[in-house]
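>>> Requesting a structural model of the entry that follows:
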Amino acid sequence: MWMYSGFAGGIQPWWHHVGAYQWDRRQFKTALPVYRWHEKNEEYLLHRRPVATVGVVYSQQNADFFGRDDARELVAAPYYGWIQALVRARIPYLPVHADHIERDGPSLAALILPNLGAMTEAQVGAVRRYAASGGSLIASGETSFHNEWGDARERPALAELFGVRPTGNRYGSLGPVAGWSGDDHTYLRLSPPVGRDVYGPESGEEPVTSKPRHDVLSGFEETDIIAFGGLLVEVEAAGGTTVPLTLVPNFPVYPPETSWMRQPRTDIAALVLREDGASRRAWLAADLDRRFFRDLLPDHGRLLANIVRWAARGDVPLRVKGRGLIDCHLYRQEGRLILHLVNLTSAGTWRSPVHELIPVGPFTVSVRLPEGMSAGGVRLLVAGKDRPAARRGRWAVFEVERILDHEVAVIG
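Okay, here's the model as predicted:
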């Protein structure tokens, strides 16, 4: 499965054995079927360009000088939280080095800056120019709070771009949830509140009917809160911004008689949204990206994916409908598109290593075609079958019946 995931991500195969003699001779059969498949389909796996509209920005310098002795929590966890959310939402993405925003940004609808605390002036300038040209931005945590050496700036370099101003206050912690103490027993409140038209108990304070909510809260129509338990670096939101999420401070977990919200509502912003011309911007003060990497709460993943879709204005070149955890990677060659679908359901369900593969399917796949490209049919390289593709505007739509480990579809 690691090799199939590597092929999907653009890695070419390399297999070696440590030592000239091996006592476990099963290993000599492991790579053979994978290599034969790669050799047979090599023309589709080389000399191709990734297709994505979302970029996730990273830099080693951020890990070294901002992350320092806690790079896993400060840098890696937020980054991989966004990656997990994008994979589960089946949104193709590209890693973008912070030094290459100028080069890679023009082809992307949105850039994610996951707790990119340490940034050079050149990187900050590239982000500003990207936003000025209409590109959308998502930033979390302490993005741009520090210079390239990890020294705190007098004011975060990108805060004004997002319409926020840090207060210096912090709520919660980076560490694991504190168990029964209640120190991290926090929630995020959604706004506006659910009305009496949604089934449930009433306190008399609810509005008669629920008012429309922001697009980033899609899928949360029946709740006023979601669990949090993480770190929030407080910011004040400027005029012209929208705050759909606020913090509910910690309160006791146990005993049950004491477990009630001491402060059900605050003005402490967890998410600040702003629109400036064609550019949409989201500042995530609550570390939902880090929490999703650690806890994998579905609510956190859905919210992160919603923020991405809103920021990108729905500009995502792929839609995959069907059950299962599928990693999707889309590429372009001359006259055709190549789509990798890797079945991670087994790895995502059980503790590794995987003992057996769980087949998933069927899937309805919709791929947006580039200008001038036709889609008369689809070739499934693993199943060895041809499938018809229906043309719906700029989209090619086809079915994939079953995926055991992976599938590769050639469109066009």
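>>> For the stretch 301-412 of the chain, just list every one of the strands.
Assigned by DSSP state E, counting those that start in this stretch, the strands in the stretch 301-412 of the chain fall at 318-321, 326-333, 336-343, 363-368, 377-380, 385-388, 390-392, 395-400, 406-411.
>>> Distance from the chain centre to stretch 341-356, please.
19 Å (CA atoms, centre = their mean, to the nearest Å).
>>> Compute the first-to-last residue distance for that stretch.
End-to-end distance for stretch 341-356, by CA to CA, to the nearest Å: 18 Å.
>>> so what's R302 closest to, chain neighbours aside?
Using CB to CB, 6 or more residues apart in numbering and skipping residues adjacent in sequence, the residue nearest R302 is G219, 5.4 Å away. Yep, even glycine has a C-beta here, placed from its N, CA and C like the rest.
>>> for the one you found, helix, strand, or coil?
coil (DSSP: H, G, I helix; E, B strand; the rest coil).
>>> thinking again about what came up before, out of the strands of the stretch 301-412 of the chain, nearest to G301?
For G301, the closest of these is strand 326-333, at 14.2 Å, according to CB to CB.
>>> Can you give me the buried ones in the closest one?
Of all the residues in strand 326-333, those buried under the rule 16 or more other CB atoms under 10 Å are I326, D327, C328, H329, L330, Y331, R332.
>>> Out of these, which is nearest to V382?
I326 (13.4 Å).
>>> which residues does the closest residue in space to the closest one that isn't next to it in sequence contact?
Among residues not flanking I326 along the chain, L341 sits closest, at 5.4 Å (CB to CB, 6+ apart). Going by CB atoms under 8 Å, 6 or more residues apart in numbering, L341 touches V320, I326, D327, C328, F363, V365, V400, I403, H406, E407, V408, A409.
>>> T186 now?
T186 neighbours (CB under 8 Å, 6+ apart): Y171, G172, F228, G229, G230, L232, L247, V248, P249, N250.
>>> for this protein, which spans come out with low pLDDT?
Across the chain, residues meeting the criterion (pLDDT under 70) sit at 176-182.
>>> Would you map out the domains in it?
As given by automatic domain parsing, the domain ranges for the chain are 2-14+25-50+317-411, 54-311.
>>> now, of the ones you listed, which is deepest in the fold?
Of all those, domain 54-311 has the most neighbours on average by mean count of other CB atoms under 10 Å, namely a mean of 19.
>>> so where do the helices sit in the chain?
In the chain, the segments counted as helices under DSSP state H are 2-9, 31-40, 60-61, 71, 77-89, 101-104, 121-132, 159-162, 288-295, 298-311, 345-349.
>>> Save the ones you listed as CSV, and put in distance to L188 too.
Output for these, formatted as CSV (distance: least, CB to CB, whole Å):
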stretch, distance to L188
helix 2-9, 32
helix 31-40, 44
helix 60-61, 31
helix 71, 26
helix 77-89, 15
helix 101-104, 30
helix 121-132, 26
helix 159-162, 18
helix 288-295, 8
helix 298-311, 9
helix 345-349, 25
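>>> To A396, which of those lies closest?
Here helix 2-9 is closest among the helices of the chain (CB to CB), at 19.4 Å.
>>> Report all helices and strands that that closest one contacts.
The contact analysis (3 or more CB pairs under 8 Å, 6 or more residues apart in numbering; DSSP states H and E) places helix 2-9 against helix 31-40, strand 326-333, strand 336-343, strand 406-411.
>>> any chance of the ones you listed in TSV, with distance to L74 too?
As requested, the helices and strands packed on helix 2-9 are exported to TSV (distance: least, CB to CB, whole Å):
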stretch	distance to L74
helix 31-40	37
strand 326-333	26
strand 336-343	29
strand 406-411	33
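>>> Which of those sits closest to N115?
So among those, strand 326-333 is nearest, using CB to CB, at 23.2 Å.
>>> how far is the closest one from where the chain is centred?
16 Å.
>>> what pairs with that strand, and is each one parallel or antiparallel?
Within its sheet, and counting by DSSP bridges, strand 326-333 is paired with strand 49-50 (antiparallel), strand 336-343 (antiparallel).
>>> List the residues that contact G240.
By CB under 8 Å, 6+ apart, the contact set of G240 is G163, R274.
>>> from here on, count from 28
I'll keep to 28 as the first residue from here, and by that count the last item is G267.
>>> how near is it to S171?
Separation of G267 from S171 (CB to CB, to the nearest Å) stands at 20 Å.
>>> Quickly name whichever of the contacts of L368 is closest to A137.
C355 (17.1 Å).
>>> Go ahead and confirm that closest one touches H367.
Yes - using CB atoms under 8 Å, C355 is in contact with H367, at 7.0 Å.
>>> quick one: the closest residue to M146 other than its chain neighbours and I252, what's the gap?
Spatial nearest neighbour of M146, excluding adjacent residues (CB to CB, 6+ apart): S171 at 5.1 Å. According to CB to CB, S171 stands 30 Å off from I252.
>>> With I139 instead?
25 Å.
>>> cool, A35 as well?
37 Å.
>>> now for the strands paired with strand 353-360, which one comes closest to E175?
Of the strands paired with strand 353-360, nearest to E175 by CB to CB is strand 76-77, at 27.8 Å.
>>> how about the helices of the chain, which one is nearest G231?
Of those, the one closest to G231 (CB to CB) turns out to be helix 325-338, at 26.9 Å.
>>> Quick one: work out the angle between that closest one and helix 315-322.
If you take axes from the mean of the first three to the mean of the last three CA atoms, to 10 degrees, helix 325-338 sits at 140 degrees to helix 315-322.
>>> helices or strands up against helix 325-338?
By 3+ CB pairs under 8 Å, 6+ apart, helix 325-338 packs against helix 104-116, strand 137-140, strand 163-167, strand 252-254, strand 306-311, helix 315-322.
>>> Right, I'll leave it there.
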